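[1] A predicted structure for the sequence below; I have some questions about it.
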Protein chains: 2
Amino acid sequence: MHTELADRFGINYPIFGFTPSQDVAAAISRAGGFGVLGCVRFNDTDELDDALEWMHENTDGRPFGVDVVMPAKIPTEGSKTDLASMIPPEHKAFVERVLDDLGVPPLPNGERVDAGVLGWLHSVARSHVDVAMEHARKYGQIKLIANALGSPPADVIQLAHDNGVLVAALAGAKEHARHHVDAGVDIVIAQGYEGGGHTGEVTSMILWPELVDAVGDEAPVLAAGGVGSGRQMAAAIALGAQGVWMGTYWLTAAEYRLGMEPDAQGPSTVQKALLKATSRDTVRRSIYSGKPARLLKTRWTDAWDAPGAPEALPMPLQNLLVAEAHTRISRADDPDVVAMPAGQIVGRCNEITPVADLIADLVDEYERAVARMNATLTTSV
Amino acid sequence: MHTELADRFGINYPIFGFTPSQDVAAAISRAGGFGVLGCVRFNDTDELDDALEWMHENTDGRPFGVDVVMPAKIPTEGSKTDLASMIPPEHKAFVERVLDDLGVPPLPNGERVDAGVLGWLHSVARSHVDVAMEHARKYGQIKLIANALGSPPADVIQLAHDNGVLVAALAGAKEHARHHVDAGVDIVIAQGYEGGGHTGEVTSMILWPELVDAVGDEAPVLAAGGVGSGRQMAAAIALGAQGVWMGTYWLTAAEYRLGMEPDAQGPSTVQKALLKATSRDTVRRSIYSGKPARLLKTRWTDAWDAPGAPEALPMPLQNLLVAEAHTRISRADDPDVVAMPAGQIVGRCNEITPVADLIADLVDEYERAVARMNATLTTSV
């Protein structure tokens, strides 16, 4: 199957896979889709540089992309130390108490506590862009930069275009999509309420065609939020999208090894949590980043829903507040206490599967859905 | 277009239209769809009897259905007077204060205040079933009884089947759908989060295929919540549904005359509110019936969201509490103060359109969507 956008990128299928794992992203591109590496976890630009180099060596020259988390307006964010002083002590005490109640051990003495934080700061996101553009110039494989927070700043859009890289931006409402296109964004990613991570209130069934109509011929729309099968991919195309943007689907890919020791066997702790979750086991809360994002419902999210829990802080303070907690939770290896963005499609993530099989399943089920639809147009028997 | 289920009912298109208006329901059946008359507003069974008689006379012998609001378990509901005594005085005072603030006048002296209430009581819903079954026996046109609250009681299912009437039940989760089928329900109506009226948390994109898989060959699934265009109908079929169940879509039909004087011109007050609403102008709250239901966001729903507003009461107390308020609001004729269930698809309800045109639009756009999908399977250019 193909669409105009797939042809434009020279990929076999219009399947865009967002993932924080370079192994998964490379496998998606190798299998004929388009892997997009999430950069937010790379505090150290050298690490990102290495990851992109590795992707270059493991993608047979096929195109791939990167995803950054960057507000359009550059905030006056100051240093991490300045920001830390803005966090109320009651919030810190709450987090400590909850971790204690949930049996999450502290980090060993002297360990750094800000892992996973800095990608949410504008200055760090900007360094991700610079590294990605360097790679785009060097190998010409990076063909897309996507921004999870909407339109990137104008100079970033210009820089991308200068390097032959298209710009995509997530949108949860018609007004956002129009704004993106007017700002020079090339591709709108319409992310519905059911999606993992940041979402608005309008669901994919409503949002996708609304955004397709809102931007018209000015930009193709990728359908995000709720895609985890070929039938849902067929729904995306039926609703006017030029492809799908999937995130949660890849978290239970066999190639997804984040949070695991190199020689570990079987699913990771997070994967165990994902495998047992149903479509009703997610919540949309601001406790991960400071903006509403859909997360796996666990004892950690329950604690923030309990009476007496504080309100989440605004971005980027909330992420600073919970960064150490996320690291501690990750180390604790308890599938019931996990801090993880996930969409409602997690109910379909029921086994660990290689990326190539996941993509083959999507395409096969897509074709069967189209055949079923054609049958509705034949004379009734 | 057709599906097995459409063929079974002998209708041209698998478009099931739920509406409280007999004019609209009849027009849907005449246009080749399947009109379903919502009974909850009929406190007086003679009125329902007259409405069904009128539908018989205005549907050229085509099939149609009825929709009731009936819990599977018969509650010990007592009389209306007993129930009224269970409503806290603080709730009554809040409602009075809000109506006063919103400039909603009281009813004229001596007028009955319980209009719109009784359909929510089991005894009244049961009388709706009896009237509908009498009509099914008399004319053989009533072919479906749907229950908005899930599986009807076993004897109602038996009674329907004895009269050649299929039973449909709304479901917002896999477990509900399984329960319905095990209870003898013939058709599952999968209603996603974005739908008007009672909904669960799982969106249509996720819920429809999940319920299709959960019930397999045991029952066809109708896709509800989020359908207001042929592209969304195509998505429903792509996701495995045998047809669509639409409610909000018909509220701006030209034939929808509820709440209007017989000789009134132009849209009604409620229609004015619907026409200007976007997909972001709904909220899911328990304030209409006591269970979470999606409503048009207006100054009335805002008042219940304001600090200091009480929690909604359980069903059926909440409906008793707000029944007079709903009547007063309806009389006040203010498009900014409306108490009306509506789905997110309301963003597409932008003009008053005859039912026949609405159905022709759906079918035409459906066919174009299938053609577009077929193009994705041809060799890339």
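    Noted; the coordinates are in hand.

[2] tell me where the stretch 101-250 of chain A has strands.
    For the stretch 101-250 of chain A, the strands defined by DSSP state E, counting those that start in this stretch occupy A:142-147, A:166-171, A:187-191, A:197-198, A:221-224, A:243-246.

[3] is the fifth one positioned near chain B?
    Put plainly, it is strand A:221-224. No. Contact of strand A:221-224 with chain B (CB under 8 Å from any CB of the partner chain) is absent, the minimum separation being 9.1 Å. For glycine as for every other residue, the C-beta is placed from the backbone atoms N, C-alpha and C.

[4] rounded mean pLDDT for that strand, please.
    Averaged across strand A:221-224, pLDDT comes to 98.

[5] quick one on the thing from earlier: now render the strands of the stretch 101-250 of chain A as a markdown table, adding mean neighbour count.
    Below are the strands of the stretch 101-250 of chain A laid out as a markdown table (neighbours: other CB atoms under 10 Å in any protein chain shown):
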| stretch | mean neighbour count |
| --- | --- |
| strand A:142-147 | 25 |
| strand A:166-171 | 25 |
| strand A:187-191 | 29 |
| strand A:197-198 | 24 |
| strand A:221-224 | 30 |
| strand A:243-246 | 30 |
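
[6] centre of the chain to stretch A:88-108, how far?
    27 Å (CA atoms, centre = their mean, to the nearest Å).

[7] re the thing from before, redo the strands of the stretch 101-250 of chain A as a markdown table? Include distance to residue B:292.
    Below are the strands of the stretch 101-250 of chain A laid out as a markdown table (distance: least, CB to CB, whole Å):
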| stretch | distance to residue B:292 |
| --- | --- |
| strand A:142-147 | 34 |
| strand A:166-171 | 27 |
| strand A:187-191 | 23 |
| strand A:197-198 | 23 |
| strand A:221-224 | 25 |
| strand A:243-246 | 29 |
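
[8] among these, which is nearest residue A:180?
    strand A:166-171 (4.4 Å; CB to CB).

[9] and the closest one, is it in reach of chain B?
    No. Remark: strand A:166-171 sits outside contact range of chain B, by CB under 8 Å from any CB, the gap being at least 12.8 Å.

[10] list of residues touching that strand?
    A:65, A:143-152, A:156-157, A:160-161, A:176-177, A:180, A:184-191, A:198, A:211, A:222, A:224 (CB atoms under 8 Å, 6 or more residues apart in numbering or on different chains).

[11] tell me the phi and psi of the nearest residue in space to residue A:72 that is not next to it in sequence?
    Excluding the flanking residues, the one nearest residue A:72 by CB to CB, 6 or more residues apart in numbering or on different chains is residue A:151, at 4.8 Å. When quoted as degrees, to the nearest 10, the phi and psi of residue A:151 stand at phi -60, psi 130.

[12] now do the contacts for residue A:151.
    Neighbouring residues of residue A:151 by CB under 8 Å, 6+ apart: A:72, A:157, A:169, A:179, A:180, A:183, A:184, A:185.

[13] measure it to residue B:84 for me?
    Going from residue A:151 to residue B:84 by CB to CB, to the nearest Å gives 55 Å.

[14] flag the shaky bits of the stretch 251-381 of chain A, pLDDT-wise.
    A:379-381 (pLDDT under 70).

[15] just the strands in it please.
    Here the stretch 251-381 of chain A has its strands, by DSSP E, counting those that start in this stretch, at A:282-285, A:293-296.

[16] mind listing what's buried in the first one?
    It stands for strand A:282-285. Of all the residues in strand A:282-285, those buried under the rule 16 or more other CB atoms under 10 Å in any protein chain shown are A:282, A:283, A:284, A:285.

[17] would you give the sheet partners of it, along with the direction of each?
    Using DSSP bridges, the strands paired with strand A:282-285 in its sheet are strand A:293-296 (antiparallel).

[18] in space, what's closest to residue A:172 - neighbours in sequence excluded?
    Per CB to CB, 6+ apart, closest to residue A:172 is residue A:200, 2.9 Å.

[19] end to end, how far does stretch A:165-175 reach?
    The first and last residues of stretch A:165-175 sit 24 Å apart, counting by CA to CA, to the nearest Å.

[20] how close does residue A:140 sit to residue A:220?
    Here residue A:140 is placed at a distance of 21 Å from residue A:220 (CB to CB).

[21] which one's more surrounded, the two?
    residue A:220 (22 against 14; other CB atoms under 10 Å in any protein chain shown).

[22] I'd like to know how far that one sits from chain B.
    13 Å (CB to the nearest CB, to the nearest Å).

[23] identify the residues contacting that residue.
    Residue A:220 sits in contact with A:3, A:4, A:5, A:187, A:188, A:241, A:242, A:243, where contact means CB under 8 Å, 6+ apart.

[24] with residue A:22 instead?
    Taking CB under 8 Å, 6+ apart, we find residue A:22 in contact with A:37, A:51, A:52, A:54, A:55.
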